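1. What follows is a predicted structure for the sequence shown.
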Amino acid sequence: MNEWVTCPRCESKKILSNNKLFIFFALVFGLGVMTFIGLFFWPLLFITIPGLLLTPLTIFIPKINRCQECLYAWRANKRTTVKEM
(Lines give C-alpha, C1' and ligand atoms only; values in the text may rest on other atoms or scores of the structure.)
Protein backbone atom coordinates (compact mmCIF):
# COMPACT_ATOMS: atom_id res chain seq x y z
CA MET A 1 0.00 0.00 0.00
CA ASN A 2 1.53 3.27 -1.13
CA GLU A 3 0.55 6.11 1.21
CA TRP A 4 2.24 8.82 -0.87
CA VAL A 5 -0.24 8.81 -3.72
CA THR A 6 -1.39 12.29 -4.64
CA CYS A 7 -4.30 13.53 -6.70
CA PRO A 8 -3.26 14.25 -10.30
CA ARG A 9 -5.50 17.33 -10.35
CA CYS A 10 -4.97 19.13 -7.03
CA GLU A 11 -2.04 17.10 -5.59
CA SER A 12 -3.90 16.41 -2.35
CA LYS A 13 -2.97 13.37 -0.30
CA LYS A 14 -6.53 12.79 0.95
CA ILE A 15 -7.39 9.88 -1.33
CA LEU A 16 -9.63 6.83 -0.86
CA SER A 17 -10.01 3.69 -2.97
CA ASN A 18 -13.31 1.89 -3.48
CA ASN A 19 -13.80 -1.40 -1.71
CA LYS A 20 -15.31 -4.17 -3.85
CA LEU A 21 -16.58 -6.09 -0.83
CA PHE A 22 -18.45 -3.02 0.46
CA ILE A 23 -20.03 -2.47 -2.97
CA PHE A 24 -21.06 -6.15 -3.13
CA PHE A 25 -22.74 -6.14 0.28
CA ALA A 26 -24.40 -2.76 -0.33
CA LEU A 27 -25.93 -4.12 -3.55
CA VAL A 28 -27.05 -7.35 -1.88
CA PHE A 29 -28.63 -5.45 1.02
CA GLY A 30 -30.29 -2.84 -1.20
CA LEU A 31 -31.63 -5.36 -3.68
CA GLY A 32 -32.73 -7.63 -0.83
CA VAL A 33 -34.82 -4.82 0.64
CA MET A 34 -36.23 -4.06 -2.81
CA THR A 35 -37.09 -7.75 -3.26
CA PHE A 36 -39.03 -7.69 0.01
CA ILE A 37 -40.91 -4.60 -1.22
CA GLY A 38 -41.41 -6.42 -4.51
CA LEU A 39 -43.44 -9.05 -2.69
CA PHE A 40 -46.10 -6.37 -2.25
CA PHE A 41 -45.45 -4.52 -5.54
CA TRP A 42 -44.67 -7.40 -7.92
CA PRO A 43 -43.35 -5.42 -10.96
CA LEU A 44 -40.31 -4.50 -8.84
CA LEU A 45 -39.28 -8.16 -8.85
CA PHE A 46 -38.41 -7.93 -12.56
CA ILE A 47 -35.56 -5.59 -11.59
CA THR A 48 -34.43 -6.96 -8.25
CA ILE A 49 -34.12 -10.68 -8.97
CA PRO A 50 -31.85 -10.23 -12.02
CA GLY A 51 -29.94 -7.61 -10.03
CA LEU A 52 -29.31 -10.07 -7.21
CA LEU A 53 -28.12 -12.66 -9.71
CA LEU A 54 -25.68 -10.17 -11.26
CA THR A 55 -24.12 -8.86 -8.02
CA PRO A 56 -21.20 -11.35 -8.11
CA LEU A 57 -20.02 -9.46 -11.18
CA THR A 58 -18.84 -6.69 -8.85
CA ILE A 59 -15.46 -8.45 -8.71
CA PHE A 60 -14.86 -7.05 -12.20
CA ILE A 61 -15.33 -3.41 -11.10
CA PRO A 62 -11.94 -1.70 -11.43
CA LYS A 63 -10.31 -0.08 -8.41
CA ILE A 64 -10.94 3.65 -8.45
CA ASN A 65 -9.08 6.29 -6.42
CA ARG A 66 -11.09 9.37 -5.45
CA CYS A 67 -9.71 12.63 -4.09
CA GLN A 68 -11.64 13.82 -1.05
CA GLU A 69 -10.94 17.49 -1.75
CA CYS A 70 -11.67 17.99 -5.46
CA LEU A 71 -13.65 14.71 -5.97
CA TYR A 72 -11.53 13.78 -8.98
CA ALA A 73 -11.59 10.02 -9.69
CA TRP A 74 -9.12 7.92 -11.65
CA ARG A 75 -8.43 4.24 -12.18
CA ALA A 76 -5.95 2.88 -9.64
CA ASN A 77 -3.16 0.55 -10.54
CA LYS A 78 -1.43 -1.68 -8.01
CA ARG A 79 1.11 0.99 -7.11
CA THR A 80 -1.49 3.71 -6.46
CA THR A 81 -3.92 1.83 -4.23
CA VAL A 82 -4.41 3.58 -0.90
CA LYS A 83 -6.49 2.92 2.20
CA GLU A 84 -9.91 1.56 1.36
CA MET A 85 -13.26 3.10 2.26
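-> That came in fine, so what should we check first?
2. low-scoring stretches of this structure, by residue?
-> 1-4, 78-85 (pLDDT under 70).
3. where along it do the strands fall?
-> Per DSSP state E, the chain carries strands over the ranges 15-17, 64-67, 73-75.
4. could those strands go into CSV alongside distance to Leu52 and mean neighbour count?
-> Placement of C-beta: from N, CA and C, glycine included. As requested, the strands of the chain are exported to CSV (distance: least, CB to CB, whole Å; neighbours: other CB atoms under 10 Å):
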stretch, distance to Leu52, mean neighbour count
strand 15-17, 26, 18
strand 64-67, 23, 18
strand 73-75, 27, 12
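5. Ok, which of those strands comes nearest Leu44?
-> With respect to Leu44, and counting by CB to CB, the nearest of these is strand 64-67 at 29.1 Å.
6. What lies in contact with the closest one?
-> Contacts to strand 64-67, defined as CB atoms under 8 Å, 6 or more residues apart in numbering, come from residues 5, 7, 9-10, 12, 14-18, 72-76, 80-82.
7. so Asn18 touches Thr58, yeah?
-> No - between Asn18 and Thr58 there is no contact under CB atoms under 8 Å: 10.1 Å.
8. Check the gap between Ile49 and Gly32 for me.
-> 11 Å (CB to CB, to the nearest Å).
9. Same question for Thr48.
-> For Thr48, the distance to Gly32 - CB to CB - is 8 Å.
10. ok, which stretches of the protein are helices?
-> 20-38, 45-54 (DSSP state H).
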